[in-house]
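1. return a 3D structure for these sequence lines:
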Amino acid sequence: VQLVESGGGLVQAGGSLKLSCVVSGGTFSNYVMGWFRQAPGKEREFVAAIKVGSTLKYYADSVKGRFTIGRDDARNTAELQMNNLVPQDTGVYYCAADHSTSLAAVEIMYDYWGQGTQVTVSS
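-> Just a heads-up that it's a prediction; the model follows:
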């Protein structure tokens, strides 16, 4: 299973970016999809997750109300719409896929990972 993220870049504070994650080699519709990020010098942290069938979404408190996670099973794609970005959102963003049926905010629950895409928010 391969995950490929895209959509990162440099944006000013208050701006928006939309990240995409295309999954190949597996049955995308069976996966819980998650987004994580890692800021320089910090550990990777949970951002958002979406359950199979888009029945449930879960967000970190730091992004709630600003980020929206989505999925398009027809395109094997997970997305993360990020609005009102702040410098603290800077980091490498990773998407991940989880075989289980539970919505997880813990890295160890995820089976497959992308290579990451850089997001930089300038003040």
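
2. mind checking pLDDT for Arg75?
-> Per-residue confidence (pLDDT) for Arg75: 97.

3. what sits against the closest residue to it other than its chain neighbours?
-> The shortest distance from Arg75 to any non-neighbouring residue, by CB to CB, 6 or more residues apart in numbering, is to Val22 (7.5 Å). To be clear about C-beta, it is placed using only N, CA and C from the backbone, and glycine gets the same treatment. Residues counted as contacts of Val22 (CB atoms under 8 Å, 6 or more residues apart in numbering) are Leu3, Val4, Ser6, Arg75, Asn76, Thr77.

4. looking at those residues, which one is closest to Gly91?
-> For the contacts of Val22, the residue nearest Gly91 by CB to CB is Ser6; the value is 15.9 Å.

5. next, give phi and psi for the closest residue to that closest one other than its chain neighbours.
-> In this structure, Ser6 finds its nearest non-sequential neighbour in Ser20, 5.2 Å apart by CB to CB, 6+ apart. Taking degrees, to the nearest 10, you get phi -130, psi 150 for the backbone angles of Ser20.

6. pull out the buried positions in the strand or helix carrying Ala49.
-> Following DSSP states H and E, one finds Ala49 within strand 45-50. Using 16 or more other CB atoms under 10 Å as the test for burial, strand 45-50 gives Phe46, Val47, Ala48, Ala49, Ile50.
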